[in-house]
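Chemist: Here is a sequence with its predicted model. Questions after.
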Amino acid sequence: MSSHLYEVALFGDFFSKDLPAIMNRITLHSESAHPMHAREVLFEPFDAQIQRDQGMDPILLRARKELLEPDAKWVLFSYLKPESVRVHPDATVRPWATLQVDGDALSFAAALGYHRRSQIYKRGYVFRRGALVIQMFQQEQVDPKTQKPIPAHQDTLWEVEVKTASPIRNTRETPLSQVVEAVLEVQLLMKGLLDLRRQDV
């Protein structure tokens with residue numbers, strides 16, 4: 001058994017015309033649903049280019065804040081490379097570390113040796129199903145002058161992420177295979193409406 005904490009996930013996307021049918025089916029098979037609007041900032045190490053020149057993949061750091069929750073704190077998180085497709089052919093399984101930050105998370109990330117590479121906003125809906133969270137959203141670009149989100153165009157693709165709500169450890173009591181089965185159940189429920197698949201992200 002590994003000492004890592006993991007995220008298990010499936011990904012998909014669809015056009016706006018399919019939103020009502022997909023929303024209805026996900027809502028029908030979820031315990032709760034609410035709107036979401038989040039800001040995500042992507043950081044990379046100051047020496048990222050040197051690492052790439054040496055044939056290494058730099059570990060990126062992400063910061064996320066929910067904008068519709070008044071008391072929401074920043075969450076810093078990072079992923080390692082997904083587990084091999086031979087080990088987990090049906091879902092993306094990747095080591096996942098998270099940290100909640102009080103105060104200025106962006107300055108904290110800079111103090112850790114990271115610089116900001118990009119940022120986006122995600123607006124849509126969040127559904128809860130057992131240990132899983134289902135995020136359905138459109139990406140909003142950032143206005144370079146105001147740093148505020150620009151509303152997504154009507155034709156912007158909707159993205160879907162079905163994943164563990166929090167990091168899980170692979171133990172005898174909570175084997176990863178159970179969580180993989182849970183995300184594959186959602187894949188089956190959405191069959192014919194939405195193609196959910198593994199991604200090597």
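Modeler: Received it, and whenever you're ready, just let me know what you need. Numbers count the residues shown, from 1 in each chain.

Chemist: tell me the pLDDT at M190?
Modeler: pLDDT for M190: 97.

Chemist: Low-confidence regions, this protein specifically.
Modeler: Low-confidence segments of the chain, defined by pLDDT under 70: 1-2.

Chemist: Tell me where it has strands.
Modeler: 5-14, 32-45, 61-66, 74-79, 92-101, 114-129, 132-140, 158-164, 168-169 (DSSP state E).

Chemist: Residues contacting the fourth one, please?
Modeler: By CB atoms under 8 Å, 6 or more residues apart in numbering, the surrounding residues in contact with strand 74-79 are 7, 59-65, 94-101, 105-106, 108-109, 201. The C-beta positions use only the backbone N, C-alpha and C, and glycine is treated the same way.

Chemist: hmm, which of those residues are the buried ones?
Modeler: 7, 61-65, 94-96, 101, 105-106, 108-109 (16 or more other CB atoms under 10 Å).

Chemist: Make a markdown table out of those and add distance to V75.
Modeler: What follows is the buried ones among the contacts of strand 74-79, written out as a markdown table (distance: CB to CB, whole Å):
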| residue | distance to V75 |
| --- | --- |
| E7 | 13 |
| L61 | 11 |
| R62 | 9 |
| A63 | 7 |
| R64 | 5 |
| K65 | 7 |
| R94 | 17 |
| P95 | 16 |
| W96 | 11 |
| V101 | 7 |
| A105 | 8 |
| L106 | 12 |
| F108 | 12 |
| A109 | 12 |
